[in-house]
Each structure stands twice: as C-alpha cells, then as structure tokens.
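S.K.: Attaching a predicted model along with its sequence, questions to come.
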Amino acid sequence: MQAQKRPTVVGEITGGGAHGTHPFRLNEHFSASIPFSYSVNPITKTDWEGKGVQPDVKVPKEQALLEAQIASIKMMLSDVNNKSDRTKYLNDLLTRRENELSVMQGNLKK
C-alpha cells in the first residue's frame, strides 16, 4: 500500500519481521524458528525484513493517532467548499486535537 502512495503511514518503524517462520523442536529445552516464506513487494522488489516499515511521518507511537487525526482534519478542511457549519466543526476539532497533542508532547518530555 505504501509503495503505491495510497496511505500515509504515521508512527514508529516496525519491528521488521517479514519472513514467516515455523518452530522446530530440537530437544526438550530448545527449539529453532526456521524461515519458510518471505514477502516481496511487487513494486519495490524488496521486503521489510530486518529494517521494518518506514513511516512517512515519524512520531512516537503515543502521538501517532493524534498526528494522523490532525493531518486528516487538515485535509478535510482543504476540501470544504465554505460550508460554514462543517468548517467550524472541523476547525474546533482541529484545535482540540492539536491541544491534546501539545499536552501529550509535554508529558513525554518529562
């Protein structure tokens, strides 16, 4: 999806596990996870094994939802055709989300 420029990925880099594994019991105390599959993006011809999915907007996971909401509200505001009720609602919502984000950022710095 990201390679096709369909979503904007917001948050942190993922863990980077793209290869499917299957556990094999070695003895009573040990097992080994052996890869049996891998994912390849047909556009980039790569996968995310070991490097993770790189977000378009890098923010701490605690802020990701608010950042995504703020970006979505701004996009909706840019599409509004001067419908005052909807514009007022979106501007109020944007202000509330930006305030929440400011509070969250202040708490994370402590």
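M.R.: Sure, I can see it.
S.K.: so where's the longest helix in this structure?
M.R.: The helix that spans the most residues within the chain, counting by DSSP state H, is helix 84-109.
S.K.: so what's S78 scoring on pLDDT?
M.R.: At S78, the model reports a pLDDT of 83.
S.K.: Are we agreed that it is in a helix?
M.R.: Yes - with DSSP: H, G, I helix; E, B strand; the rest coil as the criterion, S78 is part of a helix.
S.K.: quick one, helices of the chain?
M.R.: Going by DSSP H, the chain shows helices at 61-79, 84-109.
S.K.: so which of the ones you listed comes closest to H19?
M.R.: Between H19 and those, the tightest spacing by CB to CB is seen for helix 61-79, at 23.5 Å. Heads up, the C-betas are built off the backbone N, CA and C, glycines and all.
S.K.: Give me the contacts around stretch 77-89.
M.R.: 90-91, 94 (CB atoms under 8 Å, 6 or more residues apart in numbering).
S.K.: Done for today, thanks.
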